[in-house]
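Asks: Need a 3D model of the following:
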Amino acid sequence: MAGVITASEPSWIAPFTGLSPRQFVKLITALRREGADAVRRGRPWSLPLEDRVLLVAAYWRTNLTLRQLAPLFGVSKSSADRIVGHLGPALEIQPRRRFRKDTVLIVDGTLVPTRDHAVAEQSKNYRYSTNHQVVIDADTRLVVAVGRPLPGNRNDCKAWELSGAKAAVGRTTVIADGGYRGTGLVIPHRRERGQAELPTWKEEHNASHRRVRARVEHTLARMKTWKILRDCRLKGDGVHHAVLGIARLHNLTLAG
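Replies: Alright, predicted model coming up:
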């Protein structure tokens with residue numbers, strides 16, 4: 001059965017990946033270099049690598065069920081499921097290992113509603129969610145690390161360390177909001193007990209802090225345009241693979 005959506009038609013690429021055709025070709029080349037299209041035992045894939053990547057991106061972007069999405073690519077639901085399971089991890093962003101001495105990073109946590117209650121807990125959004133710590137470069141706005149998902153009822157102070165995000169950035173300077181008190185990160189000034197208001201210089205520092213920290217909120221908002229991050233049906237590590245893969249596509253979009 002022939003599919004409706006294919007990467008051989010460039011007009012399908014941007015709506016589902018956010019990438020230009022040139023950026024998409026660069027991604028495919030990188031994936032082949034990383035071994036994502038290596039010959040394997042058993043039946044060959046029913047779709048070329050380009051269409052498989054497009055299928056995974058379309059699944060993350062639209063959050064259609066695989067039963068709905070598979071016919072659009074001319075494959076069965078089970079084939080689409082295997083493609084997502086195989087390529088999801090291959091599309092993950094690799095955390096940056098080294099940072100310049102003057103690098104400034106920004107971290108914030110985001111909640112991803114998840115159907116798999118084994119990895120989620122009810123959180124402040126009243127839904128079963130996972131907490132993901134996302135770290136970006138304050139200068140380039142590229143995602144440099146994403147912590148492993150924790151139950152959504154964990155506060156950001158705990159999630160910062162337990163998710164592995166802290167270990168991923170080492171001693172690099174990191175900006176965060178007031179929810180990270182006691183972590184050693186750069187957070188806004190707070191009024192001391194009995195203090196009516198902050199000194200002017202502290203208010204100015206806080207205003208500058210807010211302007212810079214807003215960059216990570218903008219990044220999270222752009223990542224949440226991928227609808228799977230609003231109601232994830234994937235089980236186990238599926239939600240983590242999706243966040244990491246979307247971070248990689250986000251970075252490719254910014255890098256040009």
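Asks: any low-confidence regions in the chain?
Replies: Counting by pLDDT under 70, the ranges of the chain that qualify are 1-3.
Asks: report the longest helix in it, please.
Replies: Looking across the chain with DSSP state H, the single longest helix is helix 200-223.
Asks: count of neighbours near Ile93?
Replies: 20 (other C-beta atoms under 10 Å). Bear in mind the C-beta positions are built from the backbone N, C-alpha and C, glycine included.
Asks: ok, it touching Val135?
Replies: No - contact status for Ile93 versus Val135: not in contact, 11.0 Å apart, counting by C-beta atoms under 8 Å.
Asks: could you pull out the helices for the stretch 51-200 of the chain?
Replies: Using DSSP state H, counting those that start in this stretch, the helices of the stretch 51-200 of the chain run over 66-73, 77-90, 156-162, 165-169, 200-223.
Asks: And the ones you listed: which comes nearest Leu185?
Replies: helix 156-162 (7.6 Å; C-beta to C-beta).
Asks: which helices and strands does that closest one pack with?
Replies: Packing partners of helix 156-162 (3 or more C-beta pairs under 8 Å, 6 or more residues apart in numbering; DSSP states H and E): strand 104-113, strand 128-137, strand 150-151.
Asks: Redo the ones you listed as CSV? Include mean neighbour count and distance to Ser78.
Replies: Formatted as CSV, these follow (neighbours: other C-beta atoms under 10 Å; distance: least, C-beta to C-beta, whole Å):
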stretch, mean neighbour count, distance to Ser78
strand 104-113, 22, 26
strand 128-137, 24, 26
strand 150-151, 20, 30
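Asks: Out of those, flag the one nearest Arg210.
Replies: For Arg210, the closest of those is strand 104-113, at 11.4 Å, according to C-beta to C-beta.
Asks: Let's have the helices and strands packed on helix 156-162 in TSV, adding distance to Ala80.
Replies: Below are the helices and strands packed on helix 156-162 laid out as TSV (distance: least, C-beta to C-beta, whole Å):
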stretch	distance to Ala80
strand 104-113	22
strand 128-137	23
strand 150-151	29
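Asks: I'd like to know which of those lies nearest to Leu27.
Replies: strand 128-137 (19.9 Å).
Asks: okay, that closest one in PDB with CA atoms only?
Replies: Taking C-alpha atoms only, strand 128-137 is exported to PDB below (Å, rounded to 0.1, in the frame of the first residue of the first chain):
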ATOM      1  CA  TYR A 128       0.100  12.100  36.100                       C
ATOM      2  CA  SER A 129       3.300  13.700  34.800                       C
ATOM      3  CA  THR A 130       7.100  13.300  34.700                       C
ATOM      4  CA  ASN A 131       9.500  16.100  35.600                       C
ATOM      5  CA  HIS A 132      12.200  16.800  33.000                       C
ATOM      6  CA  GLN A 133      15.200  19.100  33.800                       C
ATOM      7  CA  VAL A 134      16.200  20.900  30.600                       C
ATOM      8  CA  VAL A 135      19.500  22.800  30.400                       C
ATOM      9  CA  ILE A 136      20.200  25.300  27.600                       C
ATOM     10  CA  ASP A 137      23.200  27.500  26.700                       C
END
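Asks: Nice, that's everything, thank you.
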